[in-house]
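Asker: Pasting the sequence and the predicted coordinates here, then a few questions.
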Amino acid sequence: MNLQQVQARLEADGYRDFEKIERERNKYEVKALDPQGRRVEVKVDAHSGEILGVEVKRDKK
């Protein structure tokens with residue numbers, strides 16, 4: 001999958017406000033807001049587009 005396909009796949013799942021999409025070997029690391037409005041880092045398989053994990057980030061104060 002390319003960067004645009006990864007973003008489109010995540011948008012279809014309700015993610016928005018993408019801050020960063022970065023490829024690291026066989027996965028993408030994406031910083032965005034999840035459907036609940038939380039700042040998250042999503043790990044996405046670069047080949048299948050499967051979400052491998054989601055980590056909720058704390059807001060910077």
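Answerer: Cool, the structure landed. Residues are numbered from 1 along each chain as shown.

Asker: Now the strand ranked longest in the chain: buried residues?
Answerer: Secondary structure of the chain per DSSP state E: the longest strand is strand 16-24. Judged by neighbour count (16 or more other Cβ atoms under 10 Å), strand 16-24 contains these buried residues: 18, 21. For the C-beta atoms, the positions are set from N, CA and C on the backbone; glycine is no exception.

Asker: Quick one: list the elements packing against it.
Answerer: Counting contacts by 3 or more Cβ pairs under 8 Å, 6 or more residues apart in numbering; DSSP states H and E, strand 16-24 packs against helix 3-12, strand 27-33.

Asker: so which of the ones you listed is the most packed in?
Answerer: Stretch with highest mean neighbour count among the helices and strands packed on strand 16-24: strand 27-33 (a mean of 19; mean count of other Cβ atoms under 10 Å).

Asker: Partner strands of it and their direction?
Answerer: strand 16-24 (antiparallel), strand 39-45 (antiparallel) (DSSP bridges).

Asker: And for the last one, what's in contact with it?
Answerer: Meaning strand 39-45. Taking contacts as Cβ atoms under 8 Å, 6 or more residues apart in numbering, the residues outside strand 39-45 that touch it are 1, 6, 9-10, 15, 26-34, 50-59.

Asker: Now the element after that strand, going C-ward?
Answerer: Downstream of strand 39-45, the next assigned helix or strand under DSSP states H and E is strand 51-56.

Asker: And residue 47, how far from residue 2?
Answerer: 11 Å (Cβ to Cβ, to the nearest Å).
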